[in-house]
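Trainee: Can you look at this prediction? I've put the sequence above it.
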Amino acid sequence: MKKIHFLITLIFILISARSKAQIGAVTLKDAVGNTISSFGSLQLAYDAVPDPMIVSFIIELNANYDGSLESYPITLNSIAGAGPTNIVTIRPEASVVTVSLASTQNNLALILFDNADFVRIDGRPGGQGTTRALLINNLGTGTSSYGIDMINGASNNLISHCRISGFTTSSSGGKGIHIGPSVSNPTGNSDNRFEFLTFDNGPRYYMNSSGTGANPNRNLTVYGCEFVNVNFCGWWQQNGTGKVTIDSCFFYGNGAGGSGSTGCFPILSDFQTDTIIITRNSIYNIDNFSNTSDITGIAARSFNAGSVLRIHNNFINLNANNPSVDEIYGIEFGSVNANEGVEAKVYNNTIVIGGNAVGGTSGTVNSAPLSIWNSDSLAKIDVRNNLFINNRTGGAEQHVAILRNSILGTNTFNYNNYFSSTTDFGRIGANVYTDLNGYQAASAPNDINSQNEAITFVSSNDLHLLPPSTGNTALYGVTLPEVTQDYDNELRVNNYMGADEPDESVGIASSQLSNNFILYPNPASDKFIVQLKNNSFTKIEVCNVVGQILYSSKISSQDELIVNTANWNNGLYIVSLFADQKVLTSRLTLVD
């Protein structure tokens, strides 16, 4: 009995100590940083914000915060007076290195935006720098287990510089960020922005928007985010979602969802409404290993009437072996049905398919950079200035540069470069064409200026162009008003096909910024080179996505720097060059 009493007392002491440690773990401040009060939980601090608001407030998570005193979900309700100048910002305190909001909540969210407007979750300590110090991790296994959930008209919110994780499984699981229904609020969960987030280690769906037809979620922007080891979907857009922009994001790694029957889709749109813009993204190294389910870089599987797709300036590099995968497509329009009037604009994308297939059924298609299944005579499909390269071989199935089930609709296909390493060049309907001439005849009057050129890239992982492709006038496309810059935000001069507009005066593929330096190759493997175009730079730094400085060096008078990255992890890095009061940055991706 004494032992039992001792254990109970010890447990009570430990619980009390943990609770005491959380007292003051969250601080409510005014807009200029003056402390108003301290709390043991984020929920209590948010509830203490005056309603109505007449000024902005800051809620800071201190280093000892662990979420143990929270009652989940942490609910952020609407506050009267919230607006562009009256914002609630939730962030780590300035001295924090890392802070975690981690819990196992089955079929609940850790943070619930319930009609909350003008709330910012900023994962940077003190709101400064680029470090992603805040981890939001729901290990719940239920299909409604969310890291962050938005419902009932949550609008004008910003989530930035956080790491989002969750439970990983091949066939079920929750969502990192869920933008859900707005049952009675006609605004939907709209005008929300998600930027510089890192999604890793699950869950099955990293981001998902599923609204209602009556009150759709609109004007959603996903910018500069990193989706690591996409399990099933990076971004999944369902019914009741419109006007979405996905810009400058990275999707890569093991597609673990392949062990199920549903495939791996970095970007997936179902029942699309309104417009989706997919631009300047990099999708690469999606590996299902020996699994059989499909891999598609960008998939639009179904549409509502009047939908518009704008897909331009993307690098899609599906060159992992994936021997047993049933189908591999760079971009797929899965089902354009009659009388939907879908409008698709596919401009200046570079898509490479690779690997060696095994098995399969003769007469069927295993891989294609572009696959379009259109049954709508009202559809308008415009495909120009793309590089469609299929280097995949093996198996009994076909590996084509383009797959079209029909030529219905108003079609504009031209100034594309098609290349297949097999004799199955292109397919329209059941007909397979073995060369460009045969395909052009079937596609006429389209594709009269399309080409069949072998392309030289910086490497198998870096799809920037190298000579002899750089300077090859056969790869000049046509001027398109919608695409005036390339993947690296450089102005288009010769309107090269594909996402890269190379600098012909330099003759190498590059990521340039303000014409002051060139960084290549990008993606890199064991090293990268920075070529300086003026001598005013004094220092170089390379940081990972959580802000840790992995390399720092003074710059003297040299015009070229070589940085060894052989022992670095794959992923996204930020290269910064310092000159007096100016800092120039460029993104760098490391791959195997």
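Mentor: Yep, it's here. Residues are numbered from 1 along each chain as shown.
Trainee: what's the span of stretch 57-73, first residue to last?
Mentor: The first and final residues of stretch 57-73 sit 21 Å from each other (C-alpha to C-alpha, to the nearest Å).
Trainee: That one: which residues count as buried?
Mentor: Of all the residues in stretch 57-73, those buried under the rule 16 or more other C-beta atoms under 10 Å are 57-62, 65-67, 69-70, 72-73. For every residue, glycine as well, the C-beta is placed using N, CA and C.
Trainee: same check, this time on stretch 201-221
Mentor: Quick answer for stretch 201-221 (16+ other C-beta under 10 Å): 202-212, 215-221.
Trainee: Output that stretch as CSV, restricted to C-alpha atoms.
Mentor: Extracted C-alpha coordinates of stretch 201-221, given in CSV (Å, rounded to 0.1, in the frame of the first residue of the first chain):
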residue,chain,number,x,y,z
ASN,A,201,6.6,12.6,-42.7
GLY,A,202,3.0,12.2,-43.7
PRO,A,203,0.0,12.5,-43.5
ARG,A,204,-1.6,10.9,-46.5
TYR,A,205,-3.0,14.2,-47.8
TYR,A,206,-0.7,17.2,-47.1
MET,A,207,-3.2,19.8,-48.2
ASN,A,208,-6.9,19.5,-49.1
SER,A,209,-9.7,21.9,-50.0
SER,A,210,-13.2,20.5,-50.0
GLY,A,211,-15.9,23.1,-49.8
THR,A,212,-19.6,23.3,-50.8
GLY,A,213,-21.1,24.1,-54.1
ALA,A,214,-23.2,26.9,-52.6
ASN,A,215,-20.4,28.5,-50.6
PRO,A,216,-17.1,27.5,-52.3
ASN,A,217,-13.6,28.1,-51.0
ARG,A,218,-12.0,30.7,-53.4
ASN,A,219,-8.8,32.6,-53.9
LEU,A,220,-6.5,30.1,-52.2
THR,A,221,-2.8,30.6,-52.7
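Trainee: Per-residue confidence, the residue positioned nearest the centre of the chain, what does it come out as?
Mentor: Among the residues of the chain, the one closest to the centroid is Cys249, at 3.7 Å (C-alpha atoms, centre = their mean). pLDDT for Cys249: 95.
Trainee: cool, and Ile407?
Mentor: On pLDDT, Ile407 comes in at 85.
Trainee: do the same with Glu541
Mentor: 89.
Trainee: just Tyr252 next, same as before
Mentor: 89.
Trainee: show me the residues around it that make contact.
Mentor: Residues in contact with Tyr252 (C-beta atoms under 8 Å, 6 or more residues apart in numbering) are Phe227, Val228, Asn229, Val230, Ser282, Ile283, Tyr284, Asn285, Ile286, Asn570, Thr589, Val591.
Trainee: Can you tell me how far it is from Ala430?
Mentor: Counting by C-beta to C-beta, to the nearest Å, the separation of Tyr252 from Ala430 is 35 Å.
Trainee: now do Ile283
Mentor: Counting by C-beta to C-beta, the gap from Ile283 to Ala430 is 30 Å.
Trainee: and those two? which has more neighbours close in?
Mentor: Ile283 (27 against 7; other C-beta atoms under 10 Å).
Trainee: and the more buried one, bridged to which residues?
Mentor: With DSSP bridges as the criterion, Ile283 is bridged to Phe251, Ile316.
Trainee: so it touches Asn314, yeah?
Mentor: Yes - counting by C-beta atoms under 8 Å, Ile283 touches Asn314, with 7.0 Å between them.
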